[in-house]
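Participant: Here is a sequence with its predicted model. Questions after.
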Amino acid sequence: MAKPENTKAYTLDFFLLCGSNFLFFASFNMIIPELPAYLSSLGGEDYKGYIISLFTLSAGLSRPFSGKLADKIGRIPVMVAGVAVCFIVCLLYPLLSTVGGFLLLRFFHGFSTGFTPTGTSAYVADIIPFHRRGEAMGLQSLFGSLGMAAGPAAGGYMASIWGVQPLFYVSAAVSLLSILILYRLKETVKDRERLSFSHLKLGRHEILEKRVFPPALILVFSVFSFGVVLTIIPDYSDYLGIQNKGLFFGIFTVSSLAIRVLAGKASDKFGRIPVLKIACFIMAIAMILVALAESRWVFFMGGVLYGCAIGMNNPTVTAWTIDLSLDKFRGRALATMYIALEAGIGIGALVSGFIYANQVDRFSTVFGLCAISACLAFVLLFFFSEPTRAGIKIKN
């Protein structure tokens, strides 16, 4: 399906993809800190848990299709389709200004992340040599994290000056720039098929890739906390007197930046599972700090540690997934991983919204559950092993 891996690690296409990835993640993350208050202004304060859960539901539902399409018609069309959805939906937010309209758009907005990251990860795996895979995933996710950091911080600042309505249009403009970069990339899938209705039909074996169930399971438990963070942190920030509700997002994302490439290199050398064990342990500590925070400094310290955990976890799980996958089903394998990602985030968002229920005395309970979930992922890692890489069996 894909061209043979290059011996050269990083090409112009790789860095163009990284730039597009930065803009894509910045575009939809810049509105997230403002969405809970915006939904409340529409009269939907009881539906805050749906802001993230509807988004992740549609993302998860679209993953099997994006995985199949990435393998059949190419990586770039799948990436472009996802970013195009982001562009269109952001233009519609100011127009559908009812609770029902907002929730409908949140559902459709999730299709953007259901498509673009699947195509992006598969593209990177196609052009990066096997022995540099963890490092490359760390670098690629570094640009995504920069977008996740810049987006909420810039969005919170712009909303404080102009309000939330212009912010939606800025988000659409940023996603449009991401699309323009993608059109300069060269497709890596040869023998591409023309898009047809048959590509939208999924057989029983085309939905999930069983070979990558171990990293997918770990991902469900390790990203449960991310759904909670996206849902509850804006209100928690307000409770602690922090005016910019995107500041926590910026802090934990920036703290993940430097460690991503380092963690990727470490996973290439020492194995995926040892790195993931450390990540889950740090994540549990971070969530305990956030749960017990009575001051903004403890709160932000938890954010720093959480960023370190996320920076180690995400590229390592992606590299592990690719290690286990077959080349011809790489898109499906990555789609399976992302289904697990959306499931973990969506469950975290729903559970946290239900337990929190706008009661500030329940913050510690919600983030305590996050610590427990990270501990469960840590324990499960002792039951899995890794494939042979570079002719050497990695010992865990």
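Facilitator: Received, thanks. Numbers count the residues shown, from 1 in each chain.
Participant: Show the subsequent helix or strand relative to whichever strand or helix holds residue 104.
Facilitator: In the assignment (DSSP states H and E), residue 104 maps to helix 99-127. With elements assigned by DSSP H and E, the helix or strand that comes after helix 99-127 is helix 133-162.
Participant: packing partners for the helix or strand just after that next one?
Facilitator: From helix 133-162 onward toward the C-terminus, using DSSP H and E, the following helix or strand is helix 164-182. For helix 164-182, the elements it packs on are helix 12-29, helix 75-92, helix 133-162, judged by 3 or more Cβ pairs under 8 Å, 6 or more residues apart in numbering; DSSP states H and E. For every residue, glycine as well, the C-beta is placed using N, CA and C.
Participant: Make a markdown table from those and add distance to residue 211 and mean pLDDT to it.
Facilitator: As requested, the helices and strands packed on helix 164-182 are exported to a markdown table (distance: least, Cβ to Cβ, whole Å; pLDDT from 0 to 100):
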| stretch | distance to residue 211 | mean pLDDT |
| --- | --- | --- |
| helix 12-29 | 25 | 89 |
| helix 75-92 | 20 | 92 |
| helix 133-162 | 16 | 80 |
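Participant: so which of those gets nearest residue 122?
Facilitator: Closest to residue 122 of the helices and strands packed on helix 164-182 is helix 75-92 (Cβ to Cβ; 5.2 Å).
Participant: Same question for the helix holding residue 104: list its buried residues.
Facilitator: 99, 102-103, 105-107, 109-127 (16 or more other Cβ atoms under 10 Å).
Participant: correct me, but residue 63 touches residue 336?
Facilitator: Yes - Residue 63 is in contact with residue 336 according to Cβ atoms under 8 Å; the separation is 7.3 Å.
Participant: still on that earlier bit, and residue 58, which of the helices and strands packed on helix 164-182 is closest to it?
Facilitator: Of all those, helix 75-92 sits nearest to residue 58, with 9.6 Å by Cβ to Cβ.
Participant: could you check the angle helix 99-127 makes with that closest one?
Facilitator: If you take axes from the mean of the first three to the mean of the last three Cα atoms, to 10 degrees, helix 75-92 sits at 160 degrees to helix 99-127.
Participant: packing partners for helix 75-92?
Facilitator: Using 3+ Cβ pairs under 8 Å, 6+ apart, the elements in contact with helix 75-92 are helix 12-29, helix 49-72, helix 99-127, helix 164-182.
Participant: Comparing those helices by mean pLDDT, which bottoms out?
Facilitator: Of all the helices and strands packed on helix 75-92, mean pLDDT reaches its minimum on helix 49-72 (a mean of 83).
Participant: tilt between that one and helix 99-127?
Facilitator: Helix 49-72 and helix 99-127 are oriented at 40 degrees to each other (the same axes, to 10 degrees).
Participant: can you give me how far helix 49-72 is from the chain middle?
Facilitator: 12 Å (Cα atoms, centre = their mean, to the nearest Å).
Participant: Equivalent analysis for stretch 20-37, please.
Facilitator: The chain centre lies 12 Å from the centre of stretch 20-37; the measure is Cα atoms, centre = their mean.
Participant: Return it as PDB; C-alpha atoms alone will do.
Facilitator: These are the backbone C-alpha positions of stretch 20-37, laid out as PDB (Å, rounded to 0.1, in the frame of the first residue of the first chain):
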ATOM      1  CA  SER A  20      -0.400  21.800   9.200                       C
ATOM      2  CA  ASN A  21      -0.800  19.700  12.400                       C
ATOM      3  CA  PHE A  22       0.000  22.800  14.500                       C
ATOM      4  CA  LEU A  23      -2.600  24.900  12.800                       C
ATOM      5  CA  PHE A  24      -5.200  22.100  12.900                       C
ATOM      6  CA  PHE A  25      -4.900  21.600  16.700                       C
ATOM      7  CA  ALA A  26      -4.800  25.300  17.400                       C
ATOM      8  CA  SER A  27      -8.000  25.900  15.400                       C
ATOM      9  CA  PHE A  28     -10.300  23.800  17.400                       C
ATOM     10  CA  ASN A  29      -8.600  24.000  20.800                       C
ATOM     11  CA  MET A  30      -8.700  27.800  20.900                       C
ATOM     12  CA  ILE A  31     -12.500  27.700  21.400                       C
ATOM     13  CA  ILE A  32     -12.600  25.000  24.100                       C
ATOM     14  CA  PRO A  33     -12.000  27.200  27.200                       C
ATOM     15  CA  GLU A  34     -14.900  29.500  26.200                       C
ATOM     16  CA  LEU A  35     -17.400  26.800  25.300                       C
ATOM     17  CA  PRO A  36     -18.700  26.000  28.900                       C
ATOM     18  CA  ALA A  37     -19.600  29.700  29.500                       C
END
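Participant: returning to that earlier point: with mean neighbour count and distance to residue 41 added, can I get the helices and strands packed on helix 164-182 in a markdown table?
Facilitator: As requested, the helices and strands packed on helix 164-182 are arranged in a markdown table below (neighbours: other Cβ atoms under 10 Å; distance: least, Cβ to Cβ, whole Å):
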| stretch | mean neighbour count | distance to residue 41 |
| --- | --- | --- |
| helix 12-29 | 22 | 20 |
| helix 75-92 | 23 | 17 |
| helix 133-162 | 23 | 12 |
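Participant: Go through these and name the closest to residue 286.
Facilitator: helix 133-162 (15.9 Å).
Participant: got the angle for that closest one vs helix 99-127?
Facilitator: Using the same axes, to 10 degrees: helix 133-162 against helix 99-127 is 150 degrees.
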